[in-house]
Each structure stands twice: as C-alpha cells, then as structure tokens.
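Colleague: Sequence plus predicted model, see below.
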Amino acid sequence: MIRISKNLLGILIWTFLSCTHNQKPVEASEPNTADKIMYRNIEFKSQGAMLRGRLYLPEIKSDKSPVVIMAHGFTTTINGMTADKYAEKFSKAGFAVALYDHRNLGISDGEPRQEINFWVQSRGYIDAIDFISSQPEINANKIAVWGASMSSREAFLAGTMDERVKAVIMMIPALGEEIPIEDKDRSSYSFAKETLLLDDIKSLPHTTTEQMPIVSIDQLGTPSVLTDLTAYNWFIEYGGRFGTNWKNIVSFSNIEVPDNFNLGQLTDKLKAPILMVVATDDEMHGANPQVTKYVFDHINQPKEWLDIDGGHFGLLYYPSELFDKSSKAQIEFLLKYLK
C-alpha cells in the first residue's frame, strides 16, 4: 500500500485546484480555434430597462444581412445554455443574429431580479426589432424572430403584431394546456395589441408571486416551479456551468387578462411563415402537443412542423443528434423565407 503524508496530500490538492482555477473559459468573442464565431455586445432599451446581448455577424457578407432575433426560454440565459449554439449555427449559415437576455435576467437590467412577466418579455422582441433595424449591417426587410419554450409564445405574439417580422421559429412551443375557444368579437386581439404596445406594461393591474426555486431534487422539502426530473437534470447541468449568470430562483408578475384569453385565438393575425419544432411527447406542463397542433392547424400563413424525440429538453443538449436535426431544419426554413 502507498502511503501519502498529509503535507504531500495537501500540496497535491492545492496544485490541482490552482491549475483548474486558473483555466479561463473560451468565449465566442475571443475565439482561439480556426472555427471562429464573432459577435459584438449590444444593448437597447425596453420598458425602461437596458437589455443586453450579442450581435453575431456572418463571416461572408454581401451588402446587408438578414437577421434572426433570439431570446432564451424560461429563465435561461444566452451564455452556455444552448441558445448561443443555435445562434452560432445561424451565423455560419449566413444570417446575422441578435441574441439577448430578457429583462430582469442574466446580463440585462431590470428589477425585481429573476421576475418574469410574459408581456414585458414579449415587448422585448418589438424593441429588439426597433434596435436591430437601425444597425448598418442589417437588412431591415428580412427579420425573423425565434423563441424556445416560453419565449416561443413571445415570438409568436410578436409575429402577430409586427409587420416587420418575415419568419417565425417556435422551438418546443409552450402554448398552454387549454384548447382556445373562438374569439368571435376579436376582443382578444385588441387586448393583446393594446397591452403589448403600452409604454409601461407593468403599470397595468397585475399580481406577483413570491420567489421559489426553478428546479429542485426534493419536491417534498423544497418544492419548485418545474417538477420533472428532466427539467432538473438539464437546468442543473447547463445553468450550473461557469459564467451562465443563471440563478435557480424565479417569481412571476401576471397581468390581468380577459376571461378565456388565449394566444391561440390570434392565429389568423400571424403575419409571417412559421416553423414549429415540437417535442413528440413533451412532458412539460404548458407545452401540450395537442394544443400546439390545434394552433398550428388554424394558422393561415405558410407553416412547417417538425417532430423531435427526446422530450422537452432533448434538442437543448449540445452536441447531439437532436440538436443537429433541429438546427438543420431551422436553417433550411430560414433559407427558404429569409434569404
């Protein structure tokens, strides 16, 4: 048996920790490989707060580039939680990409921290379109919006309200649990438009919740918003990485909406072709594939549907075959309607 003295063991541990601590993560803005993905930092105002993110520009540019505006899904951030990998793929395919953190989250400003308001986040897309349209490298006539999970609902809403949107991608859509009822008097659309375009959405009547964990391994002792083990595994693996700025805590600000209001009532107002990338057996509450299919069937614009195995989080693992399948289909869609 080999015996190691306590002093020697301490030196070995110190040496290991020193080496690992001094290692610096590779950032896309300072690539050290031949496969370079370049971006510059951006910021723009939305609802009184500064939203921050990245503008990826394709290596091969003609005059002005078509652009994909992206915001992450439920509480996730732009650094290391897979949205950035989709952005890199789109950039390699010749598109500019504006990827940003929602208000109150990640590197964006806004208070209270970690509070989510669907309408405020949706407005972020409109303000992102305003900002990106003014950039000299961007073709303002070729703008797509992209969202995943919760933010797919926000991208969808932006696509029903803003004529500048020429393509919409909804990845693992979270369109709720209820089939929409018919909006006979079009009051739902009027409410949505008036709410989204307000200068101060948070001034509307609303309720707020207390903060609680997003995921937890102990649902009896520490209940969380998301209860599925698949959610816990993904968020802890990806959100727990160094530099993501993700925090395992969230609260909600909920604007009062009319009875029976449902985003699915706005399908005939969609102004652009749409791609839905749908988890075949989505296990997450609020991402019911039957509701998604109902909404898809009632869209009048050109539309495409792609089934993906692996549950709600399957295509958020990178690298993976599911990521490759999903990103390939999205690029083909963008090439068809945005190039």
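Modeller: Alright, I've got the coordinates.
Colleague: Averaging pLDDT per element, find the lowest-scoring helix or strand in this structure.
Modeller: Here the helix or strand of the chain ranked lowest by mean pLDDT, DSSP states H and E is helix 6-21, holding a mean of 36.
Colleague: and the next element down the chain from it?
Modeller: If you walk from helix 6-21 toward the C-terminus, the next helix or strand you reach (DSSP states H and E) is strand 39-46.
Colleague: Which residue is the nearest non-sequential neighbour of the residue nearest in space to the middle of the chain?
Modeller: The residue at the geometric middle of the chain, judged as the C-alpha nearest the mean C-alpha position with Cα atoms, centre = their mean, is His72 (1.9 Å). Closest residue in space to His72, ignoring its immediate chain neighbours: Ala83 at 4.7 Å, by Cβ to Cβ, 6 or more residues apart in numbering. Where you see a C-beta, it was placed from the backbone N, CA and C, and this is true even at glycine.
Colleague: That neighbour and Glu256: what is the separation?
Modeller: Between Ala83 and Glu256 the distance is 30 Å, computed by Cβ to Cβ, to the nearest Å.
Colleague: of the two, who's got more company?
Modeller: Counted by other Cβ atoms under 10 Å, Ala83 and Glu256 do not tie: Ala83 has more neighbours, with 26 against 10.
Colleague: Now for that one: which residues touch it?
Modeller: Counting by Cβ atoms under 8 Å, 6 or more residues apart in numbering, Ala83 makes contact with 70-73, 76, 99, 148.
Colleague: Top of those by number of neighbours, please.
Modeller: Ala71 (32 neighbours).
Colleague: what's across from that residue in the sheet?
Modeller: Tyr100, Gly147 (DSSP bridges).
Colleague: could I get the helix or strand containing Asp324 in CSV with only the CA atoms?
Modeller: Assigned by DSSP H and E, Asp324 belongs to helix 321-337. The C-alpha coordinates for helix 321-337 follow below in CSV (Å, rounded to 0.1, in the frame of the first residue of the first chain):
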residue,chain,number,x,y,z
GLU,A,321,-28.0,14.3,-33.0
LEU,A,322,-31.3,16.0,-31.9
PHE,A,323,-29.6,19.4,-31.9
ASP,A,324,-28.2,18.7,-35.4
LYS,A,325,-31.6,17.7,-36.7
SER,A,326,-33.3,20.7,-35.2
SER,A,327,-30.8,23.3,-36.3
LYS,A,328,-30.6,21.9,-39.8
ALA,A,329,-34.4,22.2,-40.2
GLN,A,330,-34.4,25.7,-38.9
ILE,A,331,-31.7,26.8,-41.2
GLU,A,332,-33.5,25.3,-44.2
PHE,A,333,-36.6,27.2,-43.1
LEU,A,334,-34.7,30.5,-42.8
LEU,A,335,-33.1,30.0,-46.2
LYS,A,336,-36.5,29.5,-47.8
TYR,A,337,-38.2,32.5,-46.3
